[in-house]
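# 3D, please:
(chains A and B)
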There are 2 protein chains.
Amino acid sequence: MQLIKPLDAAWLYVDTRATPMQVGCLAIFSLPARAGAPFLRRQVEAFRAARHFASPFNLRLASPRLRFLLPAWEIETQIDLDYHFRHSALPAPGGERELGVLISRLHSNAMDFSRPLWECHLIEGLENRRFALYIKMHHSLVDGIGGMRMLQRMLSPDPATQDLLPPWSVGAGLRHREVEPDPSEPAQPIRDLLQGVRGQLRSIPAVTRAFGELAREAVQHQQKDWALPFAGPRSVLNGVVSGQRRFATQHYSLERVRRVARAGKVSVNDVFMEICAASMRRYLLEIGQLPAAPLTAGVPVSVRPADDQSAGNAISFIIASLNTHIADPLERLAAIHDSAQLAKRHLQQLAKTDINNYTTLFMAPYMAQLLSGLGGHTRPMFNVTLSNVPGPDRQLYFNGAPLEQMYPISLLSHGQALNITAVSYAGQFNVGFTGCRDALPSMQKLSVYAGEALEELERLLLGQAEAA
Amino acid sequence: MQLIKPLDAAWLYVDTRATPMQVGCLAIFSLPARAGAPFLRRQVEAFRAARHFASPFNLRLASPRLRFLLPAWEIETQIDLDYHFRHSALPAPGGERELGVLISRLHSNAMDFSRPLWECHLIEGLENRRFALYIKMHHSLVDGIGGMRMLQRMLSPDPATQDLLPPWSVGAGLRHREVEPDPSEPAQPIRDLLQGVRGQLRSIPAVTRAFGELAREAVQHQQKDWALPFAGPRSVLNGVVSGQRRFATQHYSLERVRRVARAGKVSVNDVFMEICAASMRRYLLEIGQLPAAPLTAGVPVSVRPADDQSAGNAISFIIASLNTHIADPLERLAAIHDSAQLAKRHLQQLAKTDINNYTTLFMAPYMAQLLSGLGGHTRPMFNVTLSNVPGPDRQLYFNGAPLEQMYPISLLSHGQALNITAVSYAGQFNVGFTGCRDALPSMQKLSVYAGEALEELERLLLGQAEAA
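Numbers count the residues shown, from 1 in each chain, chains lettered A, B, ... in the order given. Prediction:
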């Protein structure tokens, strides 16, 4: 038994029927050339036979009912693989629409806390000789970046490589192995537990102090473009969420995004933020809900050392203004760039321990929500979460099947009814939109508008006619 | 707003993550002769266009969070049909196994209490030119018999009838219409609420008294074959359940069951109980868990007047011994018959108001569980629920597609990890086995053993060689 680190355990605290704290990854593959239906049947058989469970796929909550008091992992040796690995199919015509509907539903289903907190779905029936893999995990086990790295580890850059293992046999890598018991040393679970609980108790005053510092900063720094926490307006993005999700996707060639970034003298991430800002502005205008004040975005930044291959959570945030009050795309892009630059400089100036505190600080809304139930009722810390996760840049294969696209699927919380996450892969820029089905009706329009937003930037910056 | 009757509301009280209180109905159809893929596409389009929601498909909990204090229905006018109606597909090869796996999963998923408590899934990809319809509803809206009647109402005995409506447009019939507001009389919700709450409070001493009477009876009637409540042994069927279900099916020709019943001079229901007893005895012996004392069965009996077309709950129970300590099938069948006869005579002797009290009495375990959390920890009131629901006896069609089979899918509770329900239809006897995935590993074997149990009775009673 090993206590879960407080920042990872926080995702268990805030997991409810309306806010399941699960993240997902959708990977779309083509069948290998000349392969037919037997290819998928062989994969399903190989997956069902793969009974080695690497960390974190072998971890189960030690006491599901006591997870709030004593959040701890235990190694599960009796895993019911038929529960975790599921063979599914799309109805006709098996297009992106049917895939989006199925993923929306799978991602809305709660997980069973008495089992290891993951599911893997092999989905057949996708048109144009394709199939999909959807992996769902609890955020206490893995963050978005860790999830992408796990997917990468099960794939090969060589189409000739065969007998690749399913994700649960590959696992997350180094750090999680520490959870496995060391046979040379007898376990001292009670001592470990007590130490862990003391650590968690100690973190509570730190969170309180951090809130105080934040409030002081909000008064002192009345700097232009410096989007402060709690400075965003109230909006439909920030109410109470219900338990049902919608998921939509958009994908671009990464080169198109880079060309626009070079022409605008901004970063790829700035272009991503502007595409999201343009799309949200148009959607909110249409439903008569665009706030007068600019929306702000919380943008996760990885604080993990580059050589750390583990899948645990190590993220911090910057907050930037999306300048959605500005109608002109180029003017808005420049203002977004300025705001993000300022926020990043502030984060980089902080020393290592400060970064840890900063991270704790930005976990604080979840803690506060847990303690008060205020999530979705107060002014939001920021309006929307926008993540841009670097993915693999080489073409990858699973047993000869080329990976065509991959998308992250995020979690929502009360006060955060929308999440947009981009992942780059082999010259592509894939964007996944995860939204609350009730708070944001027909939110799949956001993905369509995001596609048209890049086309508009191309027209304005590159003078192109309608781009493909 | 209309208060939910206490007996219906009880299903909301005991609905938890581990014990979702939903019932289902699985109907398997063949495509009409000469129809192809366009037939299903047209059905999906027609279903998506059907925006009339009849009661109880238009009822939503008035206050999902206050459902324990003030359980009341409200009419929902903004129904998100894409949430409730789902087009799904089976992976290859699309056999009964893949269908069973999908239904097991769909039936395990919790419902969203902020919406009308139903789902309807049209499932394509079933082999041999078949498709399936799975309807899931909360037990507070409908019981097994009501659900079957609803399915019947959407079908036609005439294969030429077209443009039949989906279940939500057809609805349950008469009684539920009372919930719709009467425009001629102003609503008095507060008065109604208070009256309803008083009624619920009054029922509590009644339940307590009924428990006392039961205890007295348990002492006085030490009659052979008279299976008393709480007389069944502890068993793996009666522990705490987890939230995941498995569903398996078996079907016989009704004539085979009737022939065996005639030869054995017992009822069809006695044969059903013996088939279940034989199957459970074999399964429990295999896993080394057969109790020495005979298992008892709670057998629901409808107490609804024959002319009542509504879908609400009006059931009572008898408790009979399954005589699982007896190895010989014919001896066991005779003993089951005697036990059931005795229990039925006892129920028939009771006056109308007594039947109501008796019903309240057998709802008491759920109430007691709610109040104490004891379900699955104490001696069970009976070991297993066996229901035999009379279905339609004519061949039915949906827009020309013949209904081949239909199965009920039941709910479980702590202390009741298995439910076996049979439905007769057009000369068939269809049996659905709903079990807890964790308490009863590989419980789908029960359906195989139930098939072989009827063959054994045929050999013994009719001298037949291996029956088909």
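# show me where the stretch 301-450 of chain A has helices.
Using DSSP state H, counting those that start in this stretch, the helices of the stretch 301-450 of chain A run over A:329-349, A:352-372, A:445-462.
# what's the least confident stretch among the ones you listed?
For the helices of the stretch 301-450 of chain A, mean pLDDT drops lowest on helix A:352-372, to a mean of 52.
# Can you tell me which residues in the stretch 151-300 of chain A are near chain B?
A:242-244 (Cβ under 8 Å from any Cβ of the partner chain). All C-beta spots, glycine's among them, are computed from the backbone N, C-alpha and C.
# Dump these to CSV, plus neighbour count and pLDDT.
Shown next, in CSV, are these (neighbours: other Cβ atoms under 10 Å in any protein chain shown; pLDDT from 0 to 100):
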residue, neighbour count, pLDDT
A:242, 22, 88
A:243, 22, 88
A:244, 20, 92
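# Ignoring the adjacent residues along the chain, who's closest to residue A:432?
Once flanking residues are discounted, residue A:432 sits nearest to residue A:407: 3.9 Å by Cβ to Cβ, 6 or more residues apart in numbering or on different chains.
# Check the spacing between the one you found and chain B real quick.
21 Å (Cβ to the nearest Cβ, to the nearest Å).
# do residue A:322 as well
29 Å.
# What about that residue, how many residues nearby?
28 (other Cβ atoms under 10 Å in any protein chain shown).
# does the nearest residue to it once chain neighbours are set aside count as helix, strand or coil?
Take residue A:322 and drop its neighbours on the chain: the residue closest to it by Cβ to Cβ, 6+ apart is residue A:277, 4.0 Å away. Counting by DSSP: H, G, I helix; E, B strand; the rest coil, the backbone at residue A:277 sits in helix.
# how about the nearest residue to residue A:163 once chain neighbours are set aside, what does it touch?
Nearest non-adjacent residue to residue A:163, counting by Cβ to Cβ, 6+ apart: residue A:399, 7.2 Å away. Going by Cβ atoms under 8 Å, 6 or more residues apart in numbering or on different chains, residue A:399 touches A:32, A:43, A:161-164.
# Compare those and tell me which is most surrounded.
Result: residue A:43 is most packed of the contacts of residue A:399 (other Cβ under 10 Å), 21 neighbours.
# tell me the SS of that residue?
Strictly by three-state DSSP, residue A:43 counts as helix.
# how far away is it from residue A:343?
Distance from residue A:43 to residue A:343, counting by Cβ to Cβ, to the nearest Å: 44 Å.
# With residue A:142 instead?
For residue A:142, the distance to residue A:343 - Cβ to Cβ - is 26 Å.
# any idea which helix or strand comes after the lowest-mean-pLDDT helix or strand in chain A?
Here the helix or strand of chain A ranked lowest by mean pLDDT, DSSP states H and E is helix A:189-220, holding a mean of 47. Using DSSP states H and E, the helix or strand that follows helix A:189-220 in sequence is strand A:245-253.
# so how far is the helix or strand just after that following strand off the chain centroid?
Proceeding N to C from strand A:245-253, the next assigned helix or strand is helix A:254-264, under DSSP H and E. With Cα atoms, centre = their mean, to the nearest Å as the basis, helix A:254-264 stands 24 Å off its chain's centre.
# Now do helix A:254-264 against helix A:445-462: the angle between them, please.
50 degrees (axes from the mean of the first three to the mean of the last three Cα atoms, to 10 degrees).
# In helix A:254-264, which residues are buried?
A:254, A:256-257, A:259-261, A:264 (16 or more other Cβ atoms under 10 Å in any protein chain shown).
# Alpha carbons of that helix, as CSV, please.
Provided in CSV are the C-alpha atoms of helix A:254-264 (Å, rounded to 0.1, in the frame of the first residue of the first chain):
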residue,chain,number,x,y,z
LEU,A,254,1.0,21.7,-38.1
GLU,A,255,2.8,23.5,-40.9
ARG,A,256,-0.3,25.6,-41.5
VAL,A,257,-0.3,26.7,-37.9
ARG,A,258,3.5,27.3,-38.0
ARG,A,259,3.2,29.4,-41.1
VAL,A,260,0.6,31.6,-39.5
ALA,A,261,2.7,31.9,-36.3
ARG,A,262,5.8,33.0,-38.3
ALA,A,263,3.8,35.5,-40.4
GLY,A,264,2.2,36.9,-37.2
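# Among the contacts of residue A:399, find me the one that's closest to residue B:299.
Within the set of the contacts of residue A:399, residue A:43 lies nearest residue B:299; the separation is 45.7 Å, counting by Cβ to Cβ.
# isn't that closest one right up against residue A:123?
No: contact criterion Cβ atoms under 8 Å: residue A:43 and residue A:123 do not qualify, at 11.5 Å.
# what's the domain layout of chain A?
With domains defined by automatic domain parsing, chain A comprises A:2-174, A:192-467.
# low-scoring pLDDT stretches of the stretch 51-200 of chain A, where are they?
A:144-145, A:173-200 (pLDDT under 70).
# which element is residue A:281 on?
helix A:268-286.
# tell me what that helix is packed against?
helix A:254-264, strand A:296-302, helix A:329-349, strand A:384-389, strand A:418-425, strand A:428-436, helix A:445-462 (3 or more Cβ pairs under 8 Å, 6 or more residues apart in numbering or on different chains; DSSP states H and E).
# Can you name the residues bridging to residue A:134?
As for beta bridges, residue A:134 partners with residue A:26, residue A:121 under DSSP bridges.
# how far away is it from residue A:8?
22 Å.
# again, but for residue A:263
41 Å.
# what does residue A:97 give?
The value you get for residue A:97 to residue A:8, if Cβ to Cβ is used, is 35 Å.
# between the two, which one's more packed in?
More neighbours surround residue A:8 than the other of residue A:97 and residue A:8, with 19 against 12 (other Cβ under 10 Å).
# I'd say that one and residue A:140 touch.
Yes: between residue A:8 and residue A:140 there is a contact under Cβ under 8 Å: 4.7 Å.
# Report the distance from stretch A:162-174 to the chain centre.
So, by Cα atoms, centre = their mean, the centroid of stretch A:162-174 is 21 Å from its chain's centroid.
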